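> sharing a sequence plus its predicted fold:
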Amino acid sequence: MKKNRILIVEDEKKLSRTLEDYLRLQDYETLTAESGHEALQLFYQAQGKIDLILLDVMLPDLDGYEVLREVRRVLDTPVIMLTARSSVEDQMNGFERGADDYITKPYTLELVRLRIEALLKRAGKLRRYLEFGNIIVELEAQKVYWKDRYVETTRKEYELLCYFIEHSNIVLNRGTILDAVWGYDYVGDIRTVDTMVKQLRRKLGEECGYIRSVYGAGYLFGGDEV
């Protein structure tokens, strides 16, 4: 499963490293460039596999607007301009040249994250995941993968699996699971949980042993990878 890839174009090394470390913690893949020429080289080498660009305006060779112009000649990759220039005229200049968003320095990392997520979602490129061992759940598309094999699930099977992953290594009784996944007003009984667990186990395959029965209690999702 591929992560969203972000190109960071920033000539201040400390700031660039801070952005890179933070975005990697947020589960993004990053590339970094300290000049306009290096940014364009990485952009062309990626062959369309960059999902978003964080682009500083003031660079040592080409400025950010020149880089933006070259990017726009090729692709409509989302671009967020990062700059100390905060005037309305500067911001309008960025938008007129094709920028998708404009963040002025100083800024918080949380603000950058929120702007990135909003822009990727608007562009239909946001990929967020839940992971446990060999299971990956793609949240935006609501798709489940076991060792990169797509596992087709119903809506309730998907919701149950997400609940298990979010509460891994905790013994959960059937009543708690039923209330959380089906809702407090559900009129069925706890055997519904057993039926759904059986279906999930079958679809994930015998190799996946994460959903474990706990005698007299309920279920525990976790354990060593198998």
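Received it, and whenever you're ready, just let me know what you need. Numbers count the residues shown, from 1 in each chain.

> could you say what helices and strands the helix or strand containing Val193 packs with?
Counting by DSSP states H and E, the element that carries Val193 is helix 191-204. The helices and strands touching helix 191-204, judged by 3 or more C-beta pairs under 8 Å, 6 or more residues apart in numbering; DSSP states H and E, are helix 155-166, helix 174-182, strand 211-214, strand 218-221. (C-beta placed from N, C-alpha, C; glycine too.)

> hmm, 10 Å instead?
strand 143-146, strand 149-151, helix 155-166, helix 174-182, strand 211-214, strand 218-221 (3 or more C-beta pairs under 10 Å, 6 or more residues apart in numbering; DSSP states H and E).

> can you give me the buried ones in that helix?
Of all the residues in helix 191-204, those buried under the rule 16 or more other C-beta atoms under 10 Å are 192-193, 196-197, 200, 203-204.

> which one of those is nearest to Ala141?
Closest to Ala141 out of those is Lys203 (16.9 Å), distances taken as C-beta to C-beta.

> is it true that that closest one touches Thr153?
Yes: using C-beta atoms under 10 Å, Lys203 is in contact with Thr153, at 6.5 Å.

> shared neighbours, the two?
Residues touching both Lys203 and Thr153 (C-beta atoms under 10 Å, 6 or more residues apart in numbering): 144, 161.

> pLDDT score for the residue nearest in space to the middle of the chain?
With distances taken as C-alpha atoms, centre = their mean, Arg128 lies nearest the centre of the chain, 3.2 Å away. The score at Arg128 is 78. That number is its pLDDT.
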